[in-house]
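A.B. asks: Here is my input; please provide its structure:
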Amino acid sequence: MTKIFECPAEEFFKKLTTTHSNEKTSHYLYDSWSQLSKSKNPKVSVPFSNLYAAIELSTLIPPNSYVNLAILNSLRVWNYLELDSSIKCFSNVAAFGIDGCLSTLIGESINTDELCFMITGDLAFFYDMNAIGIRHIKNNVRILLINNSGGAEFRIMTDNWTFKPQLETLISAVGHNGVAKGWAEDCGFKYLSASSKDEFVLQKQVFVNKSDKPILFEIFTTAQDEVDAVNELLSSNKEITLGEKIKANAKKVLGKNVVELIKKVT
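C.D. replies: Predicted structure coming up:
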């Protein structure tokens, strides 16, 4: 440590945002990132997945709503998209655990009449499922449950798949066969479900509108579609060099084998 600032926090941040001439400091880095972010297009065509649901719902969630994002895929995926500036977003990030996401939502919904959304995966939901058994849950609660029968998050951006058997059975809980319908209805929720884009489109307006009951919307996806959706979004928005563009176009025209041969020769 080379410098110590002994002053009130308010004075520190006031000095931090001004120069010696009292002119505002440059926000070049922020402006650069902001411009880059705005140049991206998150609304690409993807398989039926958490990302697909996020793309469809991000413009439908009413202003002044609350959105809670469970760990980790929901937090990453929804962070790619822009919501209305009046919507308040929260996430129990902490140490990247799955504790208490639903409990947080229920507690939050008691203190407002605005719609309160929870975006959660199956592992996080079933870990905290007792929360929806609390009596007197208000009808402003909305839970979007992405059920891919295991933790698809563990497959995303995982290049080394040699430990697949251990990962699936011991970590990502593949094949748990849990479905929320019975428990949700027993707890007084209106239950919606979708296993395809067409089914999802039919139900999405019901999910974001007023209801005389809280709503749980369970969508059934596959782990591979979750992986493919994120990869498609990233590849569609990747910054590539001129050389990479030439290679990509050559591959389309000449085919992969010819391009590989040219690379070896050169």
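A.B. asks: What count of nearby residues applies to Leu60?
C.D. replies: Leu60 has 11 neighbours, counted by other Cβ atoms under 10 Å. Any C-beta I mention is one placed from the backbone N, CA and C, and that applies to glycine too.
A.B. asks: Renumber starting at 362 from here on
C.D. replies: Fine by me, first position is 362 from now on; the one you just mentioned is Leu421.
A.B. asks: shouldn't Tyr588 be in contact with Glu514?
C.D. replies: If you look again at residue 588, you'll see it is Val, not Tyr. No - here Val588 does not reach Glu514: they are 9.6 Å apart, not a contact under Cβ atoms under 8 Å.
A.B. asks: can you map out the helices along this structure?
C.D. replies: Along the chain, the segments classed as helices by DSSP state H run 370-377, 389-399, 411-418, 434-440, 462-471, 483-488, 525-527, 542-547, 558-569, 584-597, 603-615, 617-626.
A.B. asks: ok so, going back, so between Val588 and Glu514, which is more surrounded?
C.D. replies: Legend: neighbour count by other Cβ under 10 Å for Val588 and Glu514, higher for Glu514 (25 against 19).
A.B. asks: what's around the nearest residue in space to the more buried one that is not next to it in sequence, how many residues?
C.D. replies: Once flanking residues are discounted, Glu514 sits nearest to Asn434: 4.4 Å by Cβ to Cβ, 6 or more residues apart in numbering. Look at Asn434: counted by other Cβ under 10 Å, it has 26 neighbours.
A.B. asks: how near is Asn434 to Gln585?
C.D. replies: 14 Å (Cβ to Cβ, to the nearest Å).
A.B. asks: thinking again about what came up before, ok, the residue nearest to Glu514 - contacts?
C.D. replies: Residues near Asn434 by Cβ atoms under 8 Å, 6 or more residues apart in numbering: Asn411, Gly482, Ile507, Ala513, Glu514, Ile517, Glu587.
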